[in-house]
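J.: predicted model and sequence follow; I will ask about them next.
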Amino acid sequence: MLRGAYRRQRRVATLTALGYFVLFLILSAFAPSFMTGTVTDGLPTGLLLALVQVPVTWLAVALYEQTARRRVDPTADRIRRQAAPGTEREGAR
């Protein structure tokens, strides 16, 4: 159960950050005319997408922390309580 929660957590964070970076690399390699096009006067699309990589990475870290707090930490706490000697009797009171 805990292993599955950790696995799911890693997938979400990794696919968020790595997926965006791979998309950026593919666009750089196969769509140079798109990447050199301008969004506004003097700001190329490639530079804008590169700058967006930082907030996307922060988003991946935030998703990692959120899923840890919501799914992994409660599961780990429950397993710790069950594994600790004498806690089962305390929980029944």
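T.: Nice, thanks for sending it over. Residues are numbered from 1 along each chain as shown.

J.: from L59, how far off is G46?
T.: 20 Å (CB to CB, to the nearest Å). C-betas here are computed from N, CA, C, even on glycine.

J.: could you pick out the longest helix of the protein?
T.: helix 2-30 (DSSP state H).

J.: picking that back up, tell me which of G46 and L59 has more neighbours.
T.: Neighbours were counted for G46 and for L59 using other CB atoms under 10 Å; G46 has more, 18 against 14.

J.: return the residues in contact with the spatially closest residue to that one that is not a sequence neighbour.
T.: Nearest non-adjacent residue to G46, counting by CB to CB, 6 or more residues apart in numbering: M35, 3.6 Å away. Applying CB atoms under 8 Å, 6 or more residues apart in numbering to M35 gives the contacts 27-28, 44-46, 49.

J.: M35 in helix, strand or coil?
T.: Judged by DSSP: H, G, I helix; E, B strand; the rest coil, the three-state class of M35 is helix.

J.: and the longest helix of the chain, which residues are buried?
T.: By neighbour count on 16 or more other CB atoms under 10 Å, the buried set for helix 2-30 is 5, 9, 13, 16-17, 20, 24.

J.: related to what we said a few turns ago, and the contacts of M35 as TSV, adding distance to A68 and pLDDT?
T.: Below are those laid out as TSV (distance: CB to CB, whole Å; pLDDT from 0 to 100):
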residue	distance to A68	pLDDT
L27	31	94
S28	32	93
P44	37	94
T45	34	94
G46	33	94
L49	28	93
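
J.: nearest to Y64 among those residues?
T.: Taking CB to CB as the measure, Y64 sits nearest to L49 out of these, at 22.2 Å.
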